[in-house]
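Trainee: Provided below are the primary sequence and the corresponding predicted coordinates.
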Amino acid sequence: MESTDIKRKPGRPREEGLAVRRKEEILDAATACFAQLGYRLTDIQIIANQLDVAKGTIYHYFPSKEQLFLAAVDRGMRQLSAAVDGGLREITEPLDRIRCAIREYLRFFSEHPQIVVLFMHERTEFRDRKRLTYFEHQNRRMAAWQQLLANLISERRCREIPVERIVNVVNDVLYGTIFTNYFTGRTTSFERQAEDVLDIVFHGILTDEERARRAIPAP
């Protein structure tokens, strides 16, 4: 008597990395849509149509529009960190690391202005969040930069200024720069902007003679 069991044919093997690539495709499309239309006007169906997939496919990876938006902002910050870290990989001289980090930061936002728009929408639409994604990521990286500055101070290569103060001022300058670039459509190259920031940060605006004449006390 023949067996009634039917052997199932093996299904198509799952392509390695398919889920990761699909997720990245969704985040790419979502970033563009959120930046162009804003959070409120972006519908998941619009993103699905752009990718030629079912709406449920997107919900499979991101259960809600809110989670998709925040994931897009988070990925933008992770990409920024990767860009800065990539530039620093071969650099050991501390001041050159600062120079490179500032340059790569401005390069990244010059090439990805849509991430700046997402920052604005996050601040507007998610006011109840304890900490915005940008500052959450930046705070995770502060300890390493504070230690670098502390070492420079101990080596008498930097003035004795609280490292938190230095970090806060530089961060505020850079953060303000990316928004000014976006709102004004400034066309100055990121290389020139980086050099301008570094010139002021490293050298200040007063001559040695003027600093001595004014006898500015240490903060």
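Mentor: It's in. Since this is a predicted model, take the numbers as computed values, not measurements.

Trainee: Could you pull out the buried residues of stretch 142-150?
Mentor: For stretch 142-150, burial by neighbour count (16 or more other Cβ atoms under 10 Å) applies to 145, 148-149. Bear in mind the C-beta positions are built from the backbone N, C-alpha and C, glycine included.

Trainee: Can you add secondary structure and pLDDT and give those residues back as JSON lines?
Mentor: As requested, the buried residues of stretch 142-150 are exported to JSON lines (DSSP: H, G, I helix; E, B strand; the rest coil; pLDDT from 0 to 100):
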{"residue": "W145", "secondary structure": "helix", "pLDDT": "96"}
{"residue": "L148", "secondary structure": "helix", "pLDDT": "98"}
{"residue": "L149", "secondary structure": "helix", "pLDDT": "97"}
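
Trainee: okay, those in a markdown table with distance to I44 next?
Mentor: A markdown table is the format used below for these (distance: Cβ to Cβ, whole Å):
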| residue | distance to I44 |
| --- | --- |
| W145 | 38 |
| L148 | 43 |
| L149 | 44 |
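
Trainee: Go through this structure and flag its longest helix.
Mentor: Among the segments of the chain that qualify as a helix by DSSP state H, the longest is helix 65-88.

Trainee: middle-most residue in the chain, spatially?
Mentor: By Cα atoms, centre = their mean, the chain has its centre lying nearest to M77, at 2.9 Å.

Trainee: need the contact list for that residue.
Mentor: 115, 133-134, 137 (Cβ atoms under 8 Å, 6 or more residues apart in numbering).

Trainee: Number of residues surrounding E93?
Mentor: Neighbours of E93 under the rule other Cβ atoms under 10 Å: 9.

Trainee: Distance-wise, check the residue nearest to the centre of the chain relative to L118.
Mentor: Going from M77 to L118 by Cβ to Cβ, to the nearest Å gives 10 Å.

Trainee: can I get the contacts of M77 in CSV with secondary structure, neighbour count and distance to A71?
Mentor: Supplementary listing: the contacts of M77 in CSV, determined by DSSP: H, G, I helix; E, B strand; the rest coil; neighbours: other Cβ atoms under 10 Å; distance: Cβ to Cβ, whole Å:
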residue, secondary structure, neighbour count, distance to A71
I115, helix, 22, 13
T133, helix, 22, 10
Y134, helix, 22, 15
H137, helix, 17, 13
